[in-house]
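K.L.:
dropping the sequence and predicted coords here.
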Amino acid sequence: GTMGAQWKREVVQDHKFDFINVDDFIDNSCWRQFTYSLVFAAIIRGILVYCSDIFTAANLLANSDANSFVPAQGVQLTGFGKLPFEVYKWLFSGCILLGFALLGWEIRRARAIIASRDISYAFTSMIACRYYTVRSYPHYCFFAQINNSKKTVDEVAFFCFFTFRNWKRLILADAPRQIINATILYQTFHNHLNSSFFDWDHIVGSGNNFIYKKISLGAMMFTVFMFALSLIMLISAVIMYIPLVSHIQGNLKEFCCHKIDKRYAHVSHPYLYKRQDGACSGD
């Protein structure tokens with residue numbers, strides 16, 4: 001049935017890592033261990049994105065146009081005129097620096113959440129969740145147990161919540177430069193799109209700057225692809241959120257934390273009683 005506004009999150013003092021033994025939740029199945037390895041793959045992907053950003057910013061600031069695909073005269077943006085190279089360089093660098101500033105802010109918030117040892121807030125912070133996950137496999141199994149008991153409406157709520165958490169980075173730090181990147185890629189490749197023979201060397205060129213241009217083009221393609229996926233997810237989340245907001249009739253983060261509290265109480269119930277019985281019998 002529809003919950004409407006009947007739910008209300010209450011802060012539960014014992015819903016902290018101090019009051020549980022995550023070893024109780026260990027799952028040694030092949031599937032769980034495989035999904036655990038995917039967490040590290042996602043972290044490596046994130047590191048690669050930041051390395052790509054650092055390479056791009058350093059290349060632009062240290063070296064004008066020699067090693068990039070941006071013409072010295074600027075980028076021709078269809079419908080918007082020409083973007084001068086100097087503007088392009090500082091716009092790109094500014095967006096990259098903003099991305100790192102947002103990362104620093106998220107790390108600062110995650111440190112406060114980790115210090116609080118609150119389970120629901122740790123679950124809703126990607127950095128805090130990954131901190132616990134990388135630190136120990138039992139923590140990952142514990143989070144997975146909480147995640148497993150979700151209903152469809154909870155799946156949608158969590159998808160929207162985690163996708164919206166990334167909107168500042170996506171719109172403010174990524175969108176301006178990735179739209180320009182996509183334009184540059186189109187201009188770089190458009191003469192070859194209808195060609196029966198795709199000549200990579202002709203696109204990249206040759207000479208002393210060949211390797212730098214190849215890396216620069218690869219980094220550009222990688223970041224544009226990742227941005228496109230993230231943008232599709234954000235648009236999907238906005239569409240899903242419209243019917244969801246009428247269902248939850250409240251704050252999305254509070255709703256998610258309320259659901260985590262309920263699921264934690266459900267999955268930890270048997271272990272809490274087992275531990276209480278052990279304490280009563282003097283074990």
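P.N.:
Yep, that arrived. Just so it is clear, the structure is predicted and the values come from calculations on it, not from any experiment.
K.L.:
strands along the chain, start to end?
P.N.:
Counting by DSSP state E, the chain has these strands, from start to end: 75-77, 81-83.
K.L.:
mean pLDDT for the ones you listed: which is lowest?
P.N.:
Here the lowest mean pLDDT among the strands of the chain goes to strand 75-77, at a mean of 60.
K.L.:
which residues touch the residue nearest the centre of the chain?
P.N.:
Centroid-nearest residue in the chain: N166, 6.5 Å away (criterion: CA atoms, centre = their mean). Each residue near N166 by CB atoms under 8 Å, 6 or more residues apart in numbering is listed here: S230, L234. Where C-beta positions appear, they are placed from N, C-alpha and C, glycine not excepted.
K.L.:
so what's the backbone phi/psi at it?
P.N.:
phi -100, psi 0 (degrees, to the nearest 10).
K.L.:
go on, N21?
P.N.:
Given degrees, to the nearest 10, the pair of backbone angles that N21 has is phi -110, psi 100.
K.L.:
how many other residues sit next to it?
P.N.:
13 (other CB atoms under 10 Å).
K.L.:
quick one: pLDDT of it?
P.N.:
N21 is given a pLDDT of 89.
K.L.:
how close does P243 sit to F161?
P.N.:
15 Å (CB to CB, to the nearest Å).
K.L.:
actually K89, not the one I wrote
P.N.:
36 Å.
K.L.:
with A228 instead?
P.N.:
22 Å.
K.L.:
likewise S120?
P.N.:
Taking CB to CB, one finds S120 at 12 Å from F161.
K.L.:
and what of D118?
P.N.:
For D118, the distance to F161 - CB to CB - is 16 Å.
K.L.:
looking at those two, which is more packed in?
P.N.:
Taking neighbours as other CB under 10 Å, D118 and F161 compare with D118 leading, 23 against 18.
K.L.:
ok, now which ones touch the more buried one?
P.N.:
By CB under 8 Å, 6+ apart, the contact set of D118 is H15, K16.
K.L.:
brilliant, that's me finished.
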